[in-house]
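A.B. asks: Could you look at this predicted model? Sequence included:
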Amino acid sequence: MSFELVGDFRHFPRITPITPISHGACRGLDILERFMNDQAIEQEIQDKGLTAPRVTPADVNMNIQSEHYFTGADGVYGAYRKGNDVHPVGGTPGQEQHDGLTLLTFCVLTLQNGFTVTGESACASPENFNAEIGRKIARQNAEQKIWPLMGYELKQRLHEAK
């Protein structure tokens with residue numbers, strides 16, 4: 001059995017801790033289920049007539065200007081090509097270290113104001129690695145960092161309006 005460690009903070013308006021999520025054949029269903037839960041929560045908020053100013057999933061998505069994906073190995077290769085020191089502390093990287101970097105996916109989201117947030121996904125078992133799933137998980141984790149930023153911005157605007 002292998003696990004992929006991911007953050008799970010999508011369940012607006014509550015925040016849940018980081019939890020390990022199984023990575024395997026059912027992972028696509030986990031992502032779909034989480035998306036459906038997000039949609040169900042959004043619908044419940046609307047059904048209850050909770051209309052005060054708030055950050056919505058649509059607000060978060062509209063705030064994303066661009067997205068970029070790369071693996072740890074891509075990052076090391078890019079740094080190497082630019083002449084940066086990319087060796088791990090203590091010596092020259094071995095094949096095992098390189099292989100591990102290919103299982104680490106990063107997502108960088110650039111927001112409308114130019115600020116960036118990052119998310120990552122690390123697969124423990126090479127046999128379970130799927131680039132598309134890794135990008136989806138990394139993006140979800142990056143999106144989670146947008147919620148508190150936008151929540152703070154909204155709270156500040158509400159405070160200043162008093």
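C.D. replies: Received, thanks. This structure is a prediction, so every number in the text was calculated from the model and none was measured.
A.B. asks: Phi and psi next, for F115.
C.D. replies: The phi/psi pair for F115 (degrees, to the nearest 10) reads phi -70, psi 150.
A.B. asks: Touching stretch 105-121 from outside, list them.
C.D. replies: The contact list for stretch 105-121 (Cβ atoms under 8 Å, 6 or more residues apart in numbering) reads 4, 6-7, 62-72, 75, 104, 122, 131, 133-135, 137-146, 149. C-betas here are computed from N, CA, C, even on glycine.
A.B. asks: residue ranges with poor pLDDT in the chain?
C.D. replies: Of all residues in the chain, those with pLDDT under 70 make up the ranges 1-36, 85-94.
A.B. asks: ok, which stretches of it are strands?
C.D. replies: Counting by DSSP state E, the chain forms strands over residues 3-6, 19-22, 64-71, 104-111, 116-123, given from the N-terminal end onward.
A.B. asks: Dump these to JSON lines, plus distance to P57 and mean neighbour count.
C.D. replies: Shown next, in JSON lines, are the strands of the chain (distance: least, Cβ to Cβ, whole Å; neighbours: other Cβ atoms under 10 Å):
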{"stretch": "strand 3-6", "distance to P57": "18", "mean neighbour count": "18"}
{"stretch": "strand 19-22", "distance to P57": "20", "mean neighbour count": "13"}
{"stretch": "strand 64-71", "distance to P57": "11", "mean neighbour count": "15"}
{"stretch": "strand 104-111", "distance to P57": "14", "mean neighbour count": "20"}
{"stretch": "strand 116-123", "distance to P57": "16", "mean neighbour count": "19"}
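A.B. asks: Since that was my last question, I'll sign off now.
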